[in-house]
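Chemist: one predicted model, sequence on top.
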Amino acid sequence: MSTQAPSEAAEIDVGARARAGGGDLAGWLRRYGVLLAFLLIVALFTALNPQTFFSLDNAAVILNNSQSLGILALGLTVCLVVGEFDLSIGYVASFIGMLSVGVMVTQDQGAIAGVLAGLAAAAAIGLVNGLVVTRLGVASLITTLSVGSVAAGLNYLYGRGDAITSGLPTAITDFNRVIVLNVRGVVFVWLGLAVVLWFVLGLTEYGRRAYAVGSSPRAARMSGVNVERTKVIAFVVCSLIAGLCGLAIAASTAGATPQAGDGLLLDAYAAAFLGSVVLREGQFNVVGTVVAVLLLKTIENGLAQAGVDFSYATIVKGLLLIGAVALARSSRRKARV
């Protein structure tokens, strides 16, 4: 999957085209249409549920429900920036959650040992993904799907398919009980991580190289960028953040289940692709991903308050993913014109 060219010359060129087309309604909608849709959705659900939807308490509920998806989608965004896919992230989140909690509870090694063991395993998985893609030349879709299957198998081998529902150290559970304006502690981890990744991808040399690789690996290599290393780092970061997602789920639920993160994969891709058309011309970016996660959770919350069956929310998210991919492709095509 290719993304917008991030080199300095390309950025100037894209910026000039964007300014030249600023009066174009189609161009405006490509950049701000998702934000407009967000406002319209909020207005619709507010009209349907005026007593409960538009309130600080409900905003806190949406934020609290966004934390796990938000963390996972941020990691995926890093991988998509370099033009690669990672289908293992949901399984990695589940496995790392079980492994970390198992080390803490079953093996009684404490919170620090559990967290370090989980993150080390996540980094190893990401390294395997990156090396298989860059050294062996296997497509990232196939590689990460296969590695995800391995992670799922290791998950069941380690935990025997049993959930761990008690005994988690208070250092983990108490962290999520820290509440500011009804917003739980893990939410601040998510938002803090977003700030860090925004800085890294937008303002550092690695970020510029990552966007260059995602746009054109060949051109990036001719410019002196180590394409393979840039991709491997992205896979490792993506997997580490997936592991962090597993830990966040464990902190939120005070335990671990074998499939805790499996169901987040579709939503993470919907958020990343939808986010690529927020303020950008089809370019994956951190701010867009955060906005898209909040949009998805707002829709989910609004439908629940309206009494709509959960299955319809799943259908809506699937349609949004299709629309997001189509919008991203259209935006990139228009940006090159």
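Modeler: Everything's here; your move. Numbering: from 1, shown residues only.

Chemist: how far does stretch 198-210 stretch from start to finish?
Modeler: This stretch, stretch 198-210, spans 13 Å end to end (CA to CA, to the nearest Å).

Chemist: no, scratch that, I was asking about stretch 152-172
Modeler: Terminal residues of stretch 152-172 are spaced 24 Å apart (CA to CA).

Chemist: would you mark the buried spots in it?
Modeler: By 16 or more other CB atoms under 10 Å, the buried positions in stretch 152-172 come out as 152, 154-155, 158-159, 164, 168-169, 172. Glycine gets a C-beta too; all of them are placed from N, C-alpha and C.

Chemist: now that stretch: average pLDDT?
Modeler: Averaged across stretch 152-172, the pLDDT comes to 89.

Chemist: for stretch 75-92, same thing?
Modeler: Mean pLDDT, stretch 75-92: 97.

Chemist: and if you look at stretch 257-270?
Modeler: Mean pLDDT, computed over stretch 257-270, is 92.

Chemist: list the buried ones in it?
Modeler: Going by neighbour count (16+ other CB under 10 Å), the buried part of stretch 257-270 is 257-262, 264-265, 267-270.

Chemist: so for the helix or strand hosting residue 41, mean pLDDT?
Modeler: With elements taken from DSSP states H and E, the one containing residue 41 is helix 25-48. Helix 25-48 carries an average pLDDT of 84.

Chemist: can you map out the strands along the stretch 101-250 of the chain?
Modeler: For the stretch 101-250 of the chain, the strands defined by DSSP state E, counting those that start in this stretch cover 179-180, 183-184.

Chemist: looking at those, which is buried most?
Modeler: strand 183-184 (a mean of 18; mean count of other CB atoms under 10 Å).

Chemist: picking up where we left off before, who are the packing partners of the helix holding residue 41?
Modeler: Helices and strands touching helix 25-48, by 3 or more CB pairs under 8 Å, 6 or more residues apart in numbering; DSSP states H and E, are helix 286-305, helix 310-336.

Chemist: same question for the helix or strand that that helix is followed by: list its buried residues.
Modeler: Next in sequence after helix 25-48, counting helices and strands by DSSP H and E, comes helix 56-81. By neighbour count on 16+ other CB under 10 Å, the buried set for helix 56-81 is 58-81.

Chemist: so where is the chain shaky, pLDDT-wise?
Modeler: Within the chain, the stretches with pLDDT under 70 are 1-23, 26, 331-337.

Chemist: of all residues in it, which one is nearest the centre?
Modeler: Centroid-nearest residue in the chain: residue 73, 0.6 Å away (criterion: CA atoms, centre = their mean).

Chemist: need the contact list for it.
Modeler: Residues near residue 73 by CB atoms under 8 Å, 6 or more residues apart in numbering: 267-268, 271-272, 275, 289, 292-293.

Chemist: distance to residue 231 added to those, as TSV?
Modeler: What follows is these, written out as TSV (distance: CB to CB, whole Å):
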residue	distance to residue 231
267	24
268	19
271	22
272	17
275	21
289	19
292	24
293	24
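
Chemist: still on that earlier bit, make JSON lines out of the helices and strands packed on helix 25-48 and add distance to residue 204 and mean neighbour count.
Modeler: Output for those, formatted as JSON lines (distance: least, CB to CB, whole Å; neighbours: other CB atoms under 10 Å):
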{"stretch": "helix 286-305", "distance to residue 204": "13", "mean neighbour count": "22"}
{"stretch": "helix 310-336", "distance to residue 204": "23", "mean neighbour count": "16"}
